[in-house]
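[1] Just need the structure, nothing else, for what follows:
(2 chains)
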Protein chains: 2
Amino acid sequence: MTSTAAAASVDASAFQAALTATADAVNAELDRLLAPVAGPENRVVEAMRYSALDGGKRLRPFLACASGDLFDVPRARSLRVAAAVEMIHCYSLIHDDLPAMDNDDLRRGRPTAHRKFDEATAILSGDALLTEAFAVLADPATHPDGSIRALLVSELAQAAGAAGMVGGQMIDLMATNLSLDDAGIDRLQNMKTGCLIAGPCRMGAVLGGATKANIDALGAYGLAMGLAFQIADDVLDVESSAAETGKATGKDAAAGKATFVSRLGLENAKKRARALADEAVAHLEAFGGKAGLLKQAAIFAATRRK
Amino acid sequence: MTSTAAAASVDASAFQAALTATADAVNAELDRLLAPVAGPENRVVEAMRYSALDGGKRLRPFLACASGDLFDVPRARSLRVAAAVEMIHCYSLIHDDLPAMDNDDLRRGRPTAHRKFDEATAILSGDALLTEAFAVLADPATHPDGSIRALLVSELAQAAGAAGMVGGQMIDLMATNLSLDDAGIDRLQNMKTGCLIAGPCRMGAVLGGATKANIDALGAYGLAMGLAFQIADDVLDVESSAAETGKATGKDAAAGKATFVSRLGLENAKKRARALADEAVAHLEAFGGKAGLLKQAAIFAATRRK
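    Purely as a prediction, here's the structure:
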């Protein structure tokens, strides 16, 4: 891990600064794209804004922009892709929080959409964010070349649909009855979370007219870092619970779901996250020094403390 | 109404035959596009298939194909657009039927998706159909020109999103508290139902590389016939209830919602539907005899008995 550690000591603060700057820029973009309307249907727009302008790290938007930067994509374009991906992420959180799914009352310390509004409005606001994401990608403002715009739509639909995020969520809902093996759990995590992290990595490259090999390399980077991110999540769940509440295990374990920590043990889970970060970084080799921020992002994903 | 009645006597059976043929073809297309998969996520694909292969008149697919026929669009392309539009229609039915919305147990005589599967699976299958619709449009198989594919995505997103179908559903949920005037109710109906009827009319023309004027004419046709369709629905709701159950009013009226019949009276509602059909037909003037089936579709929408 020497190279990883060295890179981290050089650039971690630059990564945090870039992450914050992208978050600010994508928040402004979302605010503009989801403008209030005059009619009574503004209630659904209000609900879309409530969930989409909710903050968060904005890791997926960062990845779209940083990937686009490798190919000198104008920021105005990569921010539209970033906003579209974040709309999908936010819709998925709204629907996942519903009583029929995870039944959560709070998200990032605020009432979930169905608690703040009502269940019907929450469902509709998720549907509308999902739809609007594709409207943003298909708009000529995203790229002058229609075939690039159509490819962006294909990429996002692939990442978000039954073969990706929604399929992963379906498996996750059944997981307690499926007795998945390790490969099955990796696949579930890749579908549920990895696809929508690999997606913006690929889409930044698509915007830049990258070769298929480069698009695939960035997708492989994203998938590895996405899995590292999930493992770090499980580690945090245990360690923060242990520190803050005195309980040894967090919500997923309590719900009877297998976590990476329950399967691998805490130390091996941490090791695997670091190995995945190294794997992610290896996929960036072709991009040389230009990929410094993406390297830091992988290290952050694997080792973050919050 | 003499011209309308004359056209009806000539071609109504040809329209019914074309409607049935398109329904068969789009069912086969949907069956192919929504193929079962090997993983456990097939549960969501199964639910998508359950709702999307459910039959129905397939009016929207018919409109996409008939509009494409005006511009000699190959049927293989218009059927993909037809299938995408129908996926959106089916997703909207799944979500509208949910307990938090209309809470319906039956749809076309079968259990609704959340009754057949469960609520979470129903929500996810709607999300996945919505996503897949855009994947189908963006695929090069739909049209070799990427800018046409991107425009199709824009058109469908516009029709289905917060400015269209979802916004209309939002208003409909609030309607009992809004005291909408006549213009407000027309607008609600146009958004909730009209946009996704005008959408395939426009998209068939987009596929054919039509001029903006022709695309707009077909959109105006679709909006007028969509409103006629809704009024005929209210008329049917009253007349079939009266005949079959002895009650004078149907479900919407019982729910305290204003219907076209409750606002206009039965005879004036029928008159307005016929006037809208004439308006729809007038928008087809530029297409001459080639638009015979679309003319019949408008008459059918306004005067149907089921």
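[2] ok, and the helix or strand in chain A with the lowest average confidence?
    helix A:251-254 (a mean of 62; mean pLDDT, DSSP states H and E).
[3] Next SSE downstream of it?
    The first helix or strand that comes after helix A:251-254 along the chain, using DSSP states H and E, is helix A:260-264.
[4] which residues are in contact with that next one?
    Here helix A:260-264 makes contact (C-beta atoms under 8 Å, 6 or more residues apart in numbering or on different chains) with A:182, A:185, A:230-231, A:234-235, A:237-238, A:249, A:253, A:269, A:272. Any C-beta I mention is one placed from the backbone N, CA and C, and that applies to glycine too.
[5] Would you mark the buried spots in that helix?
    When burial is assessed from 16 or more other C-beta atoms under 10 Å in any protein chain shown, helix A:260-264 yields the following buried residues: A:260-262, A:264.
[6] Over to stretch A:143-159?
    For stretch A:143-159, by 16+ other C-beta under 10 Å, it's A:143, A:146-159.
[7] export that stretch as CSV, just CAs?
    In CSV, the C-alpha atoms belonging to stretch A:143-159 read as follows (Å, rounded to 0.1, in the frame of the first residue of the first chain):
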residue,chain,number,x,y,z
HIS,A,143,-23.6,17.9,-26.3
PRO,A,144,-24.0,19.1,-29.9
ASP,A,145,-23.7,15.5,-31.3
GLY,A,146,-27.0,13.6,-31.1
SER,A,147,-25.3,10.2,-31.1
ILE,A,148,-23.3,11.2,-28.0
ARG,A,149,-26.5,12.4,-26.3
ALA,A,150,-28.2,9.1,-27.2
LEU,A,151,-25.3,7.1,-25.9
LEU,A,152,-25.4,9.0,-22.6
VAL,A,153,-29.1,8.0,-22.3
SER,A,154,-28.2,4.4,-23.0
GLU,A,155,-25.4,4.4,-20.4
LEU,A,156,-27.6,5.9,-17.7
ALA,A,157,-30.6,3.7,-18.5
GLN,A,158,-28.3,0.6,-18.4
ALA,A,159,-26.8,1.7,-15.0
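[8] tell me the mean pLDDT for it?
    Mean pLDDT, stretch A:143-159: 98.
[9] again, but for stretch A:186-195
    When pLDDT is averaged over stretch A:186-195, the result is 97.
[10] and that stretch, how far from the chain's centre?
    How far stretch A:186-195 lies from its chain's middle: 11 Å, per C-alpha atoms, centre = their mean, to the nearest Å.
[11] now what about that stretch, what contacts it?
    A:158-160, A:163-165, A:167-169, A:171-172, A:175, A:180, A:222-223, A:226-227, A:229-230, B:39, B:41.
[12] Of the contacts of helix A:260-264, which is the nearest to A:D104?
    A:D237 (14.8 Å; C-beta to C-beta).
[13] which SSE is the closest one in?
    helix A:212-245.
[14] Mind giving me the packing neighbours of that helix?
    helix A:59-69, helix A:182-189, helix A:195-207, helix A:251-254, helix A:260-264, helix A:266-282, helix A:292-303 (3 or more C-beta pairs under 8 Å, 6 or more residues apart in numbering or on different chains; DSSP states H and E).
[15] Just the buried residues of it, please?
    So, applying 16+ other C-beta under 10 Å, buried residues of helix A:212-245: A:214-215, A:217-235, A:237-238, A:241.
[16] got the angle between that helix and helix A:292-303?
    Helix A:212-245 and helix A:292-303 are oriented at 40 degrees to each other (axes from the mean of the first three to the mean of the last three C-alpha atoms, to 10 degrees).
[17] got the angle for helix A:212-245 vs helix A:266-282?
    150 degrees.
[18] mean confidence for helix A:212-245?
    In this model, helix A:212-245 has a mean pLDDT of 89.
[19] Same check on stretch A:26-33?
    Averaged over stretch A:26-33, pLDDT sits at 98.
[20] burial of A:N103, as a residue count?
    A:N103 has 11 neighbours, counted by other C-beta atoms under 10 Å in any protein chain shown.
[21] Could you do the one 10 residues further on as well?
    Counted with other C-beta under 10 Å, the neighbours of A:A113 add up to 28.
[22] OK, contacts around it?
    Contacts of A:A113 (C-beta under 8 Å, 6+ apart): A:47, A:50-51, A:94, A:97, A:107, A:121-122, A:125-126.
[23] Max pairwise distance over those residues: which two?
    A:R107 and A:T121 (15.2 Å).
[24] Compare neighbour counts for the two and give me the winner.
    A:T121 (23 against 20).
[25] Can you verify my assumption that the more buried one contacts A:V44?
    Yes. Assessed by C-beta atoms under 8 Å, A:T121 is found in contact with A:V44 at 6.5 Å.
[26] so what sits against both of those two?
    Between them, A:T121 and A:V44 share the contacting residues B:M170, judged by C-beta under 8 Å, 6+ apart.
[27] follow-up on the earlier one: just put the contacts of helix A:260-264 in CSV and tack on distance to A:A280.
    Output for those, formatted as CSV (distance: C-beta to C-beta, whole Å):
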residue, distance to A:A280
A:D182, 19
A:I185, 19
A:Q230, 13
A:I231, 12
A:D234, 18
A:V235, 17
A:D237, 21
A:V238, 23
A:T249, 27
A:A253, 26
A:A269, 16
A:R272, 12
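[28] Nearest to chain B, out of these: which one, please.
    Closest approach between the contacts of helix A:260-264 and chain B, by C-beta to the nearest C-beta: A:I185, at 11.7 Å.
[29] and that closest one, what is it in contact with?
    By C-beta under 8 Å, 6+ apart, the neighbours of A:I185 are A:258, A:260, A:263.
[30] Output the below-cut-off pLDDT ranges for chain A.
    A:1-10, A:241-256 (pLDDT under 70).
[31] make it 80
    For chain A, the stretches flagged by pLDDT under 80 are A:1-11, A:54, A:241-258, A:305-306.
[32] Could I get the phi/psi values of A:G56?
    The phi/psi pair for A:G56 (degrees, to the nearest 10) reads phi 90, psi 170.
[33] Please name the nearest non-neighbouring residue to it.
    A:R108 (6.6 Å; C-beta to C-beta, 6 or more residues apart in numbering or on different chains).
[34] Correct me if wrong: the one you found contacts A:S51.
    No. A:R108 lies out of contact with A:S51 (C-beta under 8 Å); the separation is 10.1 Å.
[35] The two: which has the busier surroundings?
    Comparing A:R108 with A:S51 by neighbour count (other C-beta under 10 Å), the higher total belongs to A:S51, at 25 against 9.
[36] Let's verify that one: helix, strand, or coil?
    What DSSP: H, G, I helix; E, B strand; the rest coil gives for A:S51 is helix.
[37] sorry, back to before: among the buried residues of stretch A:143-159, which are in strands?
    Among the buried residues of stretch A:143-159, no residue falls in strands (DSSP state E).
[38] nearest to A:A84, of the residues you listed?
    A:L156 (6.4 Å).
[39] ok, that closest one - contacts?
    So A:L156 contacts A:84-85, A:88, A:133-134, A:137, A:199, A:203 (C-beta under 8 Å, 6+ apart).
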